[in-house]
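Participant: Predicted structure and sequence below. I'll ask about it afterward.
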Amino acid sequence: MKKTSMIWLLVVSLLICIPIVNAGETAPAEMSSSETPPVEIKVLPKVDESLSNPRQTMNTFLSAMQAVSEGKKQQISTAVSTLALDNINELIRKDKGKELVQILSSVIERSKKVVLSSIDTNPKVGRYVFGTYSQGKVEIVKQIDGRWLFSKETISDLPSILEGLLIDPAKHGAKDPQKSLPFHIRLRAKMPEVLKGGFLLEYWQWIGLFIIIFIASLADKIVSWSLARNVKNWKQKFHALKEMDDTVLRPLGLMAMALIWWLGLKNLGLPSSALVILSIAVKLLVSLSFVWSAFRLVDILDLVLMNKARLTSNKFDDLFVPMIRKTLKVFVAVIGFIFIANNLNVNVSSLLAGLGIGGLAFAFASKDLIGNLLGSVTVLLDRPFSIGDWIVVGDVEGTVEDVGFRSTRIRTFYNSLITLPNGLLTNTKIDNMGERRYRRMKTMLNLTYDTSPEKIDAFCEGVRALIRLHPYMRKDYYEVYFNAYNSASLDILIYVFWATPDWNMELRERHRFLLDILRLSKQLGVEFAYPTQTLYLKQNPDEVEAVAELFKPSMTEAESFAVGQKEAEAIFDVTLGKGVIPGPVKFP
């Protein structure tokens with residue numbers, strides 16, 4: 001045994017050593033002190049050929065802008081890639097880049113004709129200067145990663161350079177370069193000098209902000225009023241929307257206001273610092289109004305589906321529709337989160353990757369949540385109960401009010417609300433009282449010992465006749481028999497069922513049936529026993545004689561049955577208000 005263990009230990013040791021040996025084969029076993037350590041070589045990423053030198057960068061920019069002027073708008077992103085935009089905030093980098101390439105194109109058109117062959121492909125100073133102006137330079141500079149881009153200094157000076165060239169006609173390129181300029185530059189050129197001063201913003205920009213806010217607020221009011229009016233008309237036309245709030249589409253008004261703000265801010269030419277702050281606020285408002293509107297549309301869909309579910313006899317849709325509503329709201333919340341993060345330039349892929357790395361720890365921490373979620377799916381697919389069913393789960397008894405992703409809410413008969421985790425429902429016995437096809441009653445009627453056999457037969461048959469006459473009682477299966485001699489009574493077994501849909505009707509029919517039994521017993525002179533000791537005294541001679549006349553030993557079983565049936569029919573007629581109970585029966 002020891003030999004086998006040693007062999008296994010040797011095999012495992014060899015397996016562990018193999019990677020170490022293989023790794024050692026790739027490097028020298030020893031290194032003398034005279035040998036120099038190996039130099040680590042860093043491999044730089046391959047530079048895009050279109051940006052590999054100043055000539056290629058200028059050619060890429062001019063070709064892309066020519067394609068944009070011919071209607072290929074998607075090529076503007078290629079032109080933006082030639083700019084060094086590292087100093088511009090990521091939130092506005094994309095929009096600002098599109099604006100800057102238009103300005104740069106206009107500056108180049110007003111400066112001189114570009115001769116690509118004259119541009120040095122490898123300037124020794126690491127920069128190529130296209131033009132020098134009083135406001136700055138237009139130059140292409142080599143970046144750390146090897147790309148040649150229009151420099152950061154050029155990007156910051158472009159608006160000032162263009163302003164100095166606006167009065168100059170285009171030397172080449174577009175016939176009317178004014179049309180290709182951003183709107184705010186054309187608008188500012190038409191403003192009087194007095195409105196170009198100001199604090200933080202120019203006066204004309206402050207006026208523009210006021211006008212945009214006023215128009216957006218007015219649009220919000222108009223859209224909200226129009227939608228509320230339409231909702232009222234829809235509620236009158238469609239019964240399914242009767243419970244809908246008039247302001248259910250209010251978020252669409254906020255969305256219209258936010259969109260006007262965003263379009264207006266983009267055309268005011270605000271400084272980058274102000275534009276970043278305002279764009280964050282506006283993008284957040286647009287995103288939240290979008291998510292809020294989606295939630296309200298889910299509520300409208302839920303109203304329509306619930307109205308259709310109420311019209312069907314199937315209870316499954318009563319359980320399924322709320323689950324649809326909750327699923328859609330979770331879906332909207334997730335999409336809304338991604339939408340908001342994308343608008344705020346948050347790297348959603350990295351965020352999701354981070355969630356994936358921590359997914360295992362999250363799964364262990366939220367195993368109860370996952371169990372409850374699977375429990376809700378089990379409840380939905382297996383359908384052990386429906387909304388409104390009377391169920392018993394352990395020591396909890398009540399009516400199901402709501403089934404959610406995590407828990408099920410049960411309204412007890414004390415009117416309290418109990419929340420049960422759905423995970424508990426997957427491994428717990430559920431007694432669904434609401435699914436009963438019949439409501440059972442099993443009881444013993446205790447008659448006094450002085451009740452004669454004839455009276456017992458008549459009484460039992462009368463009860464059977466009542467069962468056959470009552471409309472909601474089960475006719476194919478019932479039991480009414482003299483069942484036992486008790487210590488103080490003769491016991492009659494009553495075993496019956498009602499085909500009633502709910503507990504209220506069961507109580508009503510049970511009440512009617514028990515009262516009819518009581519009336520039958522009084523008509524037949526049958527007395528119920530009490531669990532007490534009784535002292536019997538000599539009866540009145542007249543009463544003894546009356547009893548002797550009513551019941552004779554010569555009465556047959558068929559005669560007793562006939563008397564019981566006749567009295568039961570008379571009692572049932574009285575129950576329905578069709579007759580009057582006659583006097584006591586006189587048996588032959």
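Facilitator: Sure, I can see it.
Participant: Show me the shaky parts of the stretch 101-250 of the chain.
Facilitator: Within the stretch 101-250 of the chain, the stretches with pLDDT under 70 are 167-180, 239-240.
Participant: now do 80
Facilitator: Scanning the stretch 101-250 of the chain for pLDDT under 80 picks out 124, 163-191, 193, 196-202, 234-248.
Participant: And the stretch 451-588 of the chain, by the same measure?
Facilitator: Looking at the stretch 451-588 of the chain by pLDDT under 80, you get 501-503, 531-556, 559, 573-588.
Participant: Helices of that one, residue ranges please.
Facilitator: 453-469, 503-524, 541-550, 557-575 (DSSP state H, counting those that start in this stretch).
Participant: With respect to burial, which of these scores highest?
Facilitator: Among the helices of the stretch 451-588 of the chain, helix 453-469 has the highest mean neighbour count (mean count of other Cβ atoms under 10 Å), at a mean of 22. All C-beta spots, glycine's among them, are computed from the backbone N, C-alpha and C.
Participant: now the angle from that one to helix 503-524?
Facilitator: Counting by axes from the mean of the first three to the mean of the last three Cα atoms, to 10 degrees, helix 453-469 lies at 150 degrees to helix 503-524.
Participant: Kindly calculate the angle that helix 453-469 makes with helix 557-575.
Facilitator: Going by the same axes, to 10 degrees, helix 453-469 is angled at 50 degrees with respect to helix 557-575.
Participant: just how off-centre is helix 453-469 within its chain?
Facilitator: The chain centroid and the centroid of helix 453-469 are separated by 60 Å under Cα atoms, centre = their mean, to the nearest Å.
Participant: for it, packing partners?
Facilitator: Applying 3 or more Cβ pairs under 8 Å, 6 or more residues apart in numbering; DSSP states H and E, one finds that helix 453-469 contacts strand 479-485, strand 490-498, helix 503-524, helix 557-575.
Participant: Tell me which of these sits nearest to Ile140.
Facilitator: Shortest distance between Ile140 and these, using Cβ to Cβ, is found for helix 503-524: 85.8 Å.
Participant: quick one: contacts of the closest one?
Facilitator: 390, 439, 441, 445, 455, 458-459, 462-463, 466-467, 470, 472-473, 494, 496, 498, 500, 526-528, 563-564, 567-568, 570-572, 574-575, 581-582, 584-585 (Cβ atoms under 8 Å, 6 or more residues apart in numbering).
Participant: re the thing from before, how about a markdown table for the helices of the stretch 451-588 of the chain, with distance to Thr247 added?
Facilitator: As requested, the helices of the stretch 451-588 of the chain are exported to a markdown table (distance: least, Cβ to Cβ, whole Å):
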| stretch | distance to Thr247 |
| --- | --- |
| helix 453-469 | 57 |
| helix 503-524 | 38 |
| helix 541-550 | 77 |
| helix 557-575 | 54 |
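Participant: Which one of those lies nearest to Gln66?
Facilitator: In terms of Cβ to Cβ, the element of those nearest to Gln66 is helix 503-524, at 81.6 Å.
Participant: what angle sits between that closest one and strand 490-498?
Facilitator: Going by the same axes, to 10 degrees, helix 503-524 makes 140 degrees with strand 490-498.
Participant: In three-state terms, how would Ile300 be classified?
Facilitator: Secondary structure, DSSP: H, G, I helix; E, B strand; the rest coil: Ile300 is helix.
Participant: Please tell me I have it right and it contacts Met244.
Facilitator: Yes - applying Cβ atoms under 8 Å, one finds Ile300 in contact with Met244, separated by 6.4 Å.
Participant: Could I get the full set of strands for the stretch 301-450 of the chain?
Facilitator: Listed in chain order, the strands of the stretch 301-450 of the chain (DSSP state E, counting those that start in this stretch) span 390-393, 396-403, 407-412, 417-421, 430-432, 439-447.
Participant: I'd like the helices and strands packed on helix 453-469 as TSV, with distance to Ser224 appended.
Facilitator: Formatted as TSV, those follow (distance: least, Cβ to Cβ, whole Å):
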stretch	distance to Ser224
strand 479-485	69
strand 490-498	55
helix 503-524	45
helix 557-575	61
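Participant: would you list every one of the strands in the stretch 51-200 of the chain?
Facilitator: Using DSSP E, counting those that start in this stretch, the strands of the stretch 51-200 of the chain run over residues 127-133, 136-142, 148-150, 198-199.
Participant: Just name the most buried of those strands.
Facilitator: strand 148-150 (a mean of 25).
Participant: what's that one in contact with?
Facilitator: Residues contacting strand 148-150 (Cβ under 8 Å, 6+ apart): 51-54, 56-57, 61, 82-84, 104, 128, 138-143.
Participant: now swap in stretch 113-122 and tell me
Facilitator: With Cβ under 8 Å, 6+ apart, stretch 113-122 has contacts from 53-56, 58-59, 62, 108, 128, 130, 171-172.
Participant: so where do the helices sit in the stretch 101-250 of the chain?
Facilitator: Using DSSP H, counting those that start in this stretch, helices in the stretch 101-250 of the chain cover 152-165, 183-189, 203-237, 250-266.
Participant: Which one of those helices lies nearest to Leu305?
Facilitator: Nearest to Leu305, of the helices of the stretch 101-250 of the chain and by Cβ to Cβ, is helix 203-237 at 15.9 Å.
Participant: what helices or strands is that closest one leaning on?
Facilitator: helix 250-266.
Participant: how about the helix it packs on: buried residues?
Facilitator: Within helix 250-266, the residues that count as buried by 16 or more other Cβ atoms under 10 Å are 250-262, 264-266.
Participant: Phe183: which of those residues is nearest?
Facilitator: Lys266 (8.6 Å).
Participant: The closest one contacts Asp95, correct?
Facilitator: Yes - between Lys266 and Asp95 there is a contact under Cβ under 8 Å: 6.3 Å.
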